[in-house]
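> sequence plus predicted model, see below.
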Amino acid sequence: MPAVNVLLIENDPKMAWAISRVIEARGFPSPTVVTTGVEALEWIGQNEADLCVLDRDLPDVKWPDFTLRIRQRRPDLPIHMVSSAGTEEAAITAFHAGVADYIPKNATLYEAVVRAVTLRAEAKTKRSAPERTVIIPEGIPPQLLEPTYQNRLRVIGRQIDLYGYRMVAVYEVEGGFLMRAFSLNGRIAEALEFPDRDFEQLVVQSFVVRGEGERPASNSPLLPSGYEDFFRAIGAALDRNKADSVSISEFSNMIVVGGNTRVENSAHTTLGNLQWLLHAEDIAQILDEGYRRRAATSKPSGNSVVDRIFGRQQPQAPDRTTQNRPGNLK
């Protein structure tokens, strides 16, 4: 595997030593260790890293401002936060600040860190591999092959539906997306990768097998129509907001969407922080809006290629009020 340059921001010498040793034991280079927030920002400003492991318990930084300052300097740097606060509320706060993954300081800490480094190495390997030629069947609309968030996230959502995953966390890295999720009866989260280079192949696969039956029932109480519908709708919202470096994390009572958004004015373009906390009623409104947008732009025929891609007729959206919809979902 290729080398992965890990920046470890950790003020506890024992913890830094242990994390470094488990990474080295898997054949990766020893991480660069810094012990303060000031030192970390200075290093990031002058060096490149593939992945950042950050201890939330650093005494000299203010949360969540510190993670935002890192992202301002390196928007594409995945931040994996470790913390002694192993609560769902702490995890939501971390994702709200734009981290790629939240790792409690428990028995699975070292395994989770090594898995993150390994996935990053695999992503680098696939980016350096020769490009494969994908034969596009006749009849696939060109707009489905555009690498938008709507299209890329939708094919990921379809895979989640087909294989019965639940409690999903998806975060964007250079060259694609990484996902951590539980299988239907699994107790340990599985890690999967969706490189951008496989996007067209996933679209083609959807085209070939669609129309052979309904999708399996959703395993998420927040997403009764499945992950594909939601990922498609939230992807369209991310496209409209000119988002970048996004993450989507599912919890028991909400879904947290984070990332950057480009703010353009006459002088220059700046990065803003995108943060959406979506409860069941917000998700329903997003899905309804997505159905209405598609109904306004699609043909009434029920036998189109796009209908075959989706595998079923889209339901008629109820006329819900748009009050209390998250303000950022333009």
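Arrived safely. Numbers count the residues shown, from 1 in each chain.
> only C-alpha atoms for contact and neighbour calcs from this point on.
Will do.
> mind listing what's buried along the helix or strand residue 237 falls within?
According to DSSP states H and E, residue 237 maps onto helix 227-240. Residues 227-238 are the ones in helix 227-240 that count as buried (16 or more other Cα atoms under 10 Å).
> which of those lies closest to residue 67?
residue 238 (20.8 Å; Cα to Cα).
> can you give me the helices for the protein?
Under the criterion DSSP state H, the chain contains helices at 13-25, 37-46, 65-73, 88-96, 109-128, 149-163, 199-209, 227-240, 280-297, 305-310.
> so which of those helices is nearest residue 174?
Nearest to residue 174, of the helices of the chain and by Cα to Cα, is helix 109-128 at 8.1 Å.
> that closest one vs helix 13-25, what angle?
For helix 109-128 against helix 13-25, the angle by axes from the mean of the first three to the mean of the last three Cα atoms, to 10 degrees is 40 degrees.
> so which elements touch helix 109-128?
helix 13-25, strand 51-55, strand 190-195 (3 or more Cα pairs under 8 Å, 6 or more residues apart in numbering; DSSP states H and E).
> so what touches stretch 61-75?
Defining contact as Cα atoms under 8 Å, 6 or more residues apart in numbering, one finds that stretch 61-75 is touched by 36-37, 41, 44-45, 77, 93-94, 97-99, 245, 260, 271, 273.
> show me which of those residues are buried.
Using 16+ other Cα under 10 Å, the buried members of the contacts of stretch 61-75 are 37, 44, 77, 94, 97-99, 245, 260, 271, 273.
> in JSON lines, list those along with pLDDT and distance to residue 116.
Listed next are the buried ones among the contacts of stretch 61-75 as JSON lines, based on pLDDT from 0 to 100; distance: Cα to Cα, whole Å:
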{"residue": "37", "pLDDT": "90", "distance to residue 116": "22"}
{"residue": "44", "pLDDT": "91", "distance to residue 116": "19"}
{"residue": "77", "pLDDT": "86", "distance to residue 116": "13"}
{"residue": "94", "pLDDT": "75", "distance to residue 116": "17"}
{"residue": "97", "pLDDT": "70", "distance to residue 116": "19"}
{"residue": "98", "pLDDT": "72", "distance to residue 116": "16"}
{"residue": "99", "pLDDT": "81", "distance to residue 116": "13"}
{"residue": "245", "pLDDT": "87", "distance to residue 116": "17"}
{"residue": "260", "pLDDT": "86", "distance to residue 116": "21"}
{"residue": "271", "pLDDT": "67", "distance to residue 116": "26"}
{"residue": "273", "pLDDT": "81", "distance to residue 116": "24"}
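> re earlier: want to throw the buried residues of helix 227-240 into CSV with distance to residue 31 and pLDDT?
Output for the buried residues of helix 227-240, formatted as CSV (distance: Cα to Cα, whole Å; pLDDT from 0 to 100):
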residue, distance to residue 31, pLDDT
227, 36, 93
228, 37, 91
229, 40, 92
230, 37, 94
231, 34, 95
232, 37, 93
233, 38, 94
234, 35, 95
235, 34, 94
236, 37, 93
237, 37, 93
238, 33, 94
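> nearest to residue 53 among the residues you listed?
residue 238 (26.2 Å).
> so who does the closest one touch?
149-150.
> among the helices of the chain, which is nearest residue 187?
helix 109-128 (14.4 Å).
> okay, buried residues for the closest one please.
110, 112-114, 116-124, 127.
> turn those residues into JSON lines, columns for pLDDT and distance to residue 295.
Converted to JSON lines, those look like this (pLDDT from 0 to 100; distance: Cα to Cα, whole Å):
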{"residue": "110", "pLDDT": "90", "distance to residue 295": "48"}
{"residue": "112", "pLDDT": "88", "distance to residue 295": "43"}
{"residue": "113", "pLDDT": "91", "distance to residue 295": "44"}
{"residue": "114", "pLDDT": "90", "distance to residue 295": "45"}
{"residue": "116", "pLDDT": "88", "distance to residue 295": "40"}
{"residue": "117", "pLDDT": "91", "distance to residue 295": "43"}
{"residue": "118", "pLDDT": "89", "distance to residue 295": "43"}
{"residue": "119", "pLDDT": "86", "distance to residue 295": "39"}
{"residue": "120", "pLDDT": "87", "distance to residue 295": "39"}
{"residue": "121", "pLDDT": "87", "distance to residue 295": "42"}
{"residue": "122", "pLDDT": "82", "distance to residue 295": "40"}
{"residue": "123", "pLDDT": "79", "distance to residue 295": "37"}
{"residue": "124", "pLDDT": "76", "distance to residue 295": "40"}
{"residue": "127", "pLDDT": "59", "distance to residue 295": "37"}
